[in-house]
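In: the sequence and its predicted three-dimensional model are supplied below.
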Amino acid sequence: LDKVRAELQQLADAGLRRRMRPIDGPQAAEVVVDGRRAVNFSSNNYLGLAGHPALQRAAAGAAEEHGFGAGASRLIAGNLAPHRALEERIARWKGTEAALLFSTGYQANLGMISGLVGSEDTVFSDELNHASLIDGCRLSRARTVVYRHADADDLARKLAASGPARRRLIVTDSVFSMDGDRAPLVELVALARRYEALIAVDEAHAVGVLGEDGVGLCAGLGVDLQMGTLGKALGGFGAYVAGAAPLVELLLQRARSFVFTTALPVPVVAAAHAAIDWLSGDEGRAARRRLADHVDWMANRGFPRSHILPIQIGGARATMEISEALLARGLFAQGIRPPTVPPGTSRLRVALMATHTEAQLTSLVDALAELRIR
Ligand SMILES: Cc1ncc(COP(=O)(O)O)c(C=O)c1O
């Protein structure tokens, strides 16, 4: 244990030791953080759905009707009617032939990549892709070629220079989780077609928020596989991969993070179904509009045009100090440090929610000015 303690001390010395902050009360635009009430700028609950009565009712009703646990993996005895109904609903929403549920987005990305490619294949991966895509590449044992962030020209060069492979796969976030910017999807799909590659896109931070009915950024572009989470804007838990039927079927056969794990609990599935229905309704449209208005409001004050605003600080320790200084002012913007972001690029990751008020946004902008961050 002394060696383990020394390792933990090394993390602390580098300003990289993390701790789980106690959050009390429901996930909302205001939460109690470390016992202090604060405006929540750190959540992926972009539309405020996590505490929405429609999801509560759906989950409670499903628990009454079906019980809680699925009892087994999907391929053994856990393929229940709500799972099948949700997959059909997701495919309809996404406009794809099929969809497959995974227990988390992390597992979806592991399974999507390692289910499609292996040691005779090559994956092309954006340098700022989410850790779960990176880990999927590692698990797959495919040759992984990292291209410059959101740089279609660099990807084109790397595709042209890559040797023979049984299969080529391009993987990217659509909205990057820690930067809030977007992949050049049209160009990436064109490259995929030109070089006979598949393209898989992680829509974790786009679904719910962007596109018609919150469908994300891939609709109509010819992306082969769209992965999305049910745990961020959709306010619940779980994930899916949607695409052409043979690709989804291959994942069902080969994605070990799908095959060897228990199916999602039924109330979780029912809440996700209710969330997708809600997105296409009046309330969903109004929430997306409110969030888009907040994005414009911040952009008019010099911030990037995104619901995810990276506020670059640089050093890990300085970032955490500024995060604490904001918390002392009743504003919760979690500091993000390596390995989540590259060394020297620690930052505050400010996430906007439809349920924020303009007064809350104003207090953030004022506090950042007062701390001379912006
Ligand atoms: C881009 C991206 N992909 C995948 C995930 C993983 O999703 P989940 O939280 O459902 O495991 C996350 C966040 O956690 C993410 O930001």
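Out: Thanks, I have it.
In: near the ligand, which residues of this protein show up?
Out: Counting by C-beta under 6 Å from any ligand atom, the residues of the chain close to the ligand are 104-106, 109, 130, 132, 173, 177, 202, 204-205, 229, 231, 239. The way it works is simple: take the backbone N, C-alpha and C, and place the C-beta from them, glycine included.
In: go again with 8 Å.
Out: By C-beta under 8 Å from any ligand atom, the residues of the chain that approach the ligand are 44, 104-109, 129-133, 173, 175-177, 202, 204-205, 227, 229-232, 237-239.
In: what sits against the one residue in the chain that gets nearest to the ligand?
Out: For the chain and the ligand, the shortest gap (C-beta to the nearest ligand atom) falls at Gly105, measuring 2.2 Å. Contact analysis of Gly105 by C-beta atoms under 8 Å, 6 or more residues apart in numbering lists Ser132, Asp202, Ala204, Met227, Gly228, Thr229, Gly231, Ala239.
In: which ones among those map onto helices?
Out: Ser132 (DSSP state H).
In: list buried residues within the residues of the chain next to the ligand.
Out: 44, 104-109, 129-130, 132-133, 173, 175-177, 202, 204-205, 227, 229-232, 237-239 (16 or more other C-beta atoms under 10 Å).
In: show me the contacts for Asp135.
Out: Tyr106, Asn109, Leu110.
In: would you confirm that the first one contacts Ile134?
Out: No: contact between Tyr106 and Ile134 fails when scored by C-beta atoms under 8 Å: they sit 11.0 Å apart.
In: please enumerate the strands of the stretch 1-150 of the chain.
Out: Counting by DSSP state E, counting those that start in this stretch, the stretch 1-150 of the chain has strands at residues 23-24, 30-33, 36-40, 98-102, 122-126, 143-147.
In: export those strands as CSV, with columns for mean neighbour count.
Out: Below are the strands of the stretch 1-150 of the chain laid out as CSV (neighbours: other C-beta atoms under 10 Å):
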stretch, mean neighbour count
strand 23-24, 14
strand 30-33, 18
strand 36-40, 19
strand 98-102, 23
strand 122-126, 24
strand 143-147, 18
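In: any chance of those in CSV, plus distance to Asp296 and mean pLDDT?
Out: Below are the strands of the stretch 1-150 of the chain laid out as CSV (distance: least, C-beta to C-beta, whole Å; pLDDT from 0 to 100):
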stretch, distance to Asp296, mean pLDDT
strand 23-24, 29, 94
strand 30-33, 22, 96
strand 36-40, 19, 96
strand 98-102, 32, 98
strand 122-126, 27, 98
strand 143-147, 31, 98
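In: okay if I get these as JSON lines plus distance to Leu247?
Out: JSON lines is the format used below for the strands of the stretch 1-150 of the chain (distance: least, C-beta to C-beta, whole Å):
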{"stretch": "strand 23-24", "distance to Leu247": "38"}
{"stretch": "strand 30-33", "distance to Leu247": "39"}
{"stretch": "strand 36-40", "distance to Leu247": "37"}
{"stretch": "strand 98-102", "distance to Leu247": "8"}
{"stretch": "strand 122-126", "distance to Leu247": "15"}
{"stretch": "strand 143-147", "distance to Leu247": "20"}
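In: in the protein, where is pLDDT below threshold?
Out: For the chain, not a single residue meets the criterion pLDDT under 70.
In: sec struct for Ile199, please.
Out: Under DSSP: H, G, I helix; E, B strand; the rest coil, Ile199 falls in the strand class.
In: and it, what does it touch?
Out: Leu169, Ile170, Val171, Thr172, Leu188, Val189, Ala192, Val223, Asp224, Leu225.
In: may I have the beta-bridge partners of it?
Out: Ile170 (DSSP bridges).
In: adjust the sequence numbering to begin at 13 for everything that follows.
Out: New numbering, starting at 13: the last item is Ile211.
In: the stretch 13-162 of the chain: helices as residue ranges?
Out: Per DSSP state H, counting those that start in this stretch, the stretch 13-162 of the chain carries helices over the ranges 14-25, 65-78, 93-106, 117-128, 143-152.
In: what's the most buried one of those?
Out: Mean neighbour count (mean count of other C-beta atoms under 10 Å) peaks for helix 117-128 among the helices of the stretch 13-162 of the chain, with a mean of 26.
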